[in-house]
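Q: With the input below, show me the fold.
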Amino acid sequence: MSGLSGDWQRLVVSGTIAVEIRNAGDLDTAKAFVVTLFEDLDRDGAPDPGTDRVLASVSNPGLGALAGARMTAPVSSTVRFRDSPISAFADSGYGVAEFDEENNGGRSGSGCRRPSDPETPAPDLTASFLFVEPAQEPGTFGLGARVGNAGAVAAPAGARVSFTARGAAVGETATGRALAPGDFEDVRVPLRAPARFRGIVTVTIGEVGAPRWDCEPGNDTFSRSIDLAAVGPAPPLMAVHLPFLSVPPLSP
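A: Alright, predicted model coming up:
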């Protein structure tokens, strides 16, 4: 599978997504159908026009009984947070008569498991989108970042989020609520503004690699250049790879 490249400050992804589908029924689908790839903003598992962000749609000419197919689609889109789950839904036009319509969807991150216990589903907290905003008191500012959950299950509230500037600790906070898969929270720390500051700021979620929080420690940390007078340039594109989205049976 080709990967997606992501700019995690601008929250833009591009590249190719691959999805595997399968007809688990004992009859052919008898007609073509469409697979829709989307960011499931209302988290109901199905693409909803006007609510969800559709990334791509690709047509399949039809599947024989017990047959499978690998489909690819180019993607270029904004997303809500780093590694935001991408969902796939087979027969999104509901044109194929099926025994079970409830198993047509799948999403990236659903296979996330704790490194210490491969049988236990895990969240995957990700760090992105560092920002600066004025605070209420003169001479202060808010330093913030976006924390999202790209994993299989909800992450409880209280995940530690720390900020460093030029390698020195400058503030710490925690997520204020539980984050379901596909959900995010913007967290902030109030700081006293120095006369001038320009440099690399890093946000880190929890203890990097701690299995309590997630299955993928590589996306727990994010850095960018920040200028208190004018936000610095976005970081270069970074590669991120999504697993195959395994969409369960299409059963006529």
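Q: count of residues packed around T120?
A: Other residues lying near T120 total 13 when counted by other C-beta atoms under 10 Å. C-betas here are computed from N, CA, C, even on glycine.
Q: got it, and A65?
A: Neighbours around A65, by other C-beta under 10 Å: 13.
Q: Begin at 177, not 1, for the rest of this chat.
A: Taking 177 as the first residue, the last one we looked at is A241.
Q: distance between the ends of stretch 264-271?
A: Using C-alpha to C-alpha, to the nearest Å, the end-to-end distance of stretch 264-271 comes to 16 Å.
Q: Please work out the average pLDDT along that stretch.
A: Averaged over stretch 264-271, pLDDT sits at 85.
Q: Next, the buried residues of that stretch.
A: Judged by neighbour count using 16 or more other C-beta atoms under 10 Å, the buried positions of stretch 264-271 are 264-268.
Q: Looking at strand pairing, list the partners for V308.
A: Beta-bridge pairing of V308 under DSSP bridges involves L319.
Q: In strands only, show me the buried residues of stretch 264-271.
A: Members of the buried residues of stretch 264-271 lying in strands (criterion: DSSP state E): 264-266.
Q: tell me which helix or strand of this protein sits lowest on mean pLDDT?
A: Within the chain, confidence by mean pLDDT, DSSP states H and E is lowest for strand 414-416 among all helices and strands, at a mean of 38.
Q: Look up how far L203 lies from C391.
A: C391 is 37 Å from L203, where distance means C-beta to C-beta, to the nearest Å.
Q: quick one, which of the two is more surrounded?
A: Per other C-beta under 10 Å, whichever of C391 and L203 has more neighbours is C391, with 20 against 14.
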